[in-house]
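S.K.: Kindly return the folded structure for what I paste below:
(2 chains)
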Protein chains: 2
Amino acid sequence: VLFYQPEVLTGVTWLPEEESRHCVKVLRKREGETITITDGKGFFYTCLLTQADDRKCEFSISAKREVPPKRYHLHIAIAPTKSPDRMEWFVEKVTELGVDEITLITTDHGERTFLKTERLQKMAISAMKQSQQARLPIINNLTPFATAINHTATQKFIAYVEYTNPLHLFARAKPHEQYLVLIGPEGDFSKEELALAMAAGFEKVSLGDTRLRTETAGLAAAHALSLKNVL
Amino acid sequence: VLFYQPEVLTGVTWLPEEESRHCVKVLRKREGETITITDGKGFFYTCLLTQADDRKCEFSISAKREVPPKRYHLHIAIAPTKSPDRMEWFVEKVTELGVDEITLITTDHGERTFLKTERLQKMAISAMKQSQQARLPIINNLTPFATAINHTATQKFIAYVEYTNPLHLFARAKPHEQYLVLIGPEGDFSKEELALAMAAGFEKVSLGDTRLRTETAGLAAAHALSLKNVL
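M.R.: Next up, the predicted model:
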């Protein structure tokens, strides 16, 4: 079991309320027991419980270990689906598989969304803990398409459903880059959005022969880029 | 929109009840209109509606097109998760991404499952239609581990969480093979199961640096093998 306290580096030595409850009430940890905490910023801390309070569980750090940073940065900018479940699922799965940054984007053919970034943050924290990782993906607020395409990256892709386009993301990606991939809504990007992205240096790519739902496309893109860096 | 009638090749010229209802009641198709049907066996049929009955919608075939078979066969044998949702989600996603065969397996550390194969079949049909494909994955009934490892394949892998094992599935797989991948439960395969699989010619592989949930591991394995055949 992994606990989360984002402020360890700034000197905080207690768990947030929900984590305290889980540690003390659910797992019944007591003073003197050892737990592992991550700050979501690349560190694992081995900690001794000094006060097993179920609202503010205090600890002292006995060891600290930094996970070496990955050699690539993976940013998926995606049009939210109508169903919030599908986006929550997307965040959970790409966090498990190792994404660095997620931006929800508003697009010409997109659904209106009332999705809360806070809810997605929670999914990401839970998936990070579940998959035993020390880095929490950044989840940006809803961003207009025209702004999202100005994010910094060394390889920029736009997934576009077009049967005359044989270039697969996996074939075009190089290892050890800063990737930004745009994933459109069910109705795909508009011609104007595609033109804007191309003018901003994005490359049009396919994600395979089958027609994927938005959240599956986002996952497939993230996993393909992560595999590009595996070997 | 794609409709499903598995028995077109045997001469059936009407849609099943649920598909008829969807075609006539929901989409309000009428006699003389054209629809596309797949049999899930590799064919798309362009059909003319001859009787728009919402319980037995009849059609005549005006054209038939076979989708060329893939150059590989992808079979995932997976220990079912406790939550049926996660397995249903798994079936949906691997169908979208293009799996050929799914077997649920009973394992030493697995959860008891009351999962109905029929329910998973429905998910697969719906995902096949959604992703505009003409081949429905085979979903086998719950199978004991010792039986599942005797399935035919030219490349057989067992995903096993072991930090001393650096070989990634993606690095070990060759294109154009018949793959069988075993995915274990949250508690992983037992040492005995691992030994049985190794004796049966399976290769132990990793799916990456992060610890994946069962259904995510199954999805990652399927997608990695599909990417191996993309280029």
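
S.K.: mind listing what the residue most central in space within chain A touches?
M.R.: Compute the mean C-alpha point of chain A, and by Cα atoms, centre = their mean the closest residue is residue A:137, 3.9 Å away. Applying Cβ atoms under 8 Å, 6 or more residues apart in numbering or on different chains, we find residue A:137 in contact with A:91, A:94, A:95, A:99, A:100, A:101, A:102, A:124, A:128. Any C-beta I mention is one placed from the backbone N, CA and C, and that applies to glycine too.

S.K.: pretty sure the last one belongs to a helix, no?
M.R.: Yes - the assignment for residue A:128 is a helix, going by DSSP: H, G, I helix; E, B strand; the rest coil.

S.K.: correct me, but it touches residue A:39?
M.R.: No - between residue A:128 and residue A:39 there is no contact under Cβ atoms under 8 Å: 10.8 Å.

S.K.: What strand or helix carries the closest residue to residue A:90 other than its chain neighbours?
M.R.: Sequence neighbours aside, residue A:215 is the residue nearest to residue A:90 in space, at 4.0 Å (criterion: Cβ to Cβ, 6 or more residues apart in numbering or on different chains). Residue A:215 is part of helix A:214-228, with elements assigned from DSSP states H and E.

S.K.: picking that back up, now do the contacts for the residue nearest to residue A:90.
M.R.: For residue A:215, the contact set (Cβ under 8 Å, 6+ apart) comprises A:78, A:81, A:86, A:87, A:89, A:90.

S.K.: Which pair in these has the greatest spatial separation?
M.R.: Spatially, the most separated pair among those is A:78 and A:89, at 12.3 Å (Cβ to Cβ).

S.K.: Of the two, which one has the most company?
M.R.: A count of neighbours by other Cβ atoms under 10 Å in any protein chain shown puts residue A:78 above the other of residue A:78 and residue A:89, at 29 against 20.

S.K.: what's the neighbour count on the closest residue to the more buried one other than its chain neighbours?
M.R.: Distance criterion Cβ to Cβ, 6+ apart; nearest residue to residue A:78, sequence neighbours excluded, is residue A:183 at 4.2 Å. Residues within reach of residue A:183, counting by other Cβ under 10 Å, total 27.

S.K.: from what I can see residue A:183 touches residue A:221, true?
M.R.: Yes - counting by Cβ under 8 Å, residue A:183 does reach residue A:221; the two are 6.3 Å apart.

S.K.: between those two, what contacts are shared?
M.R.: Common neighbours of residue A:183 and residue A:221 (criterion: Cβ under 8 Å, 6+ apart): A:76, A:159.

S.K.: Give me the mean pLDDT for the helix holding residue A:215.
M.R.: Mean pLDDT, computed over helix A:214-228, is 97.

S.K.: Fine by me, we can end here.
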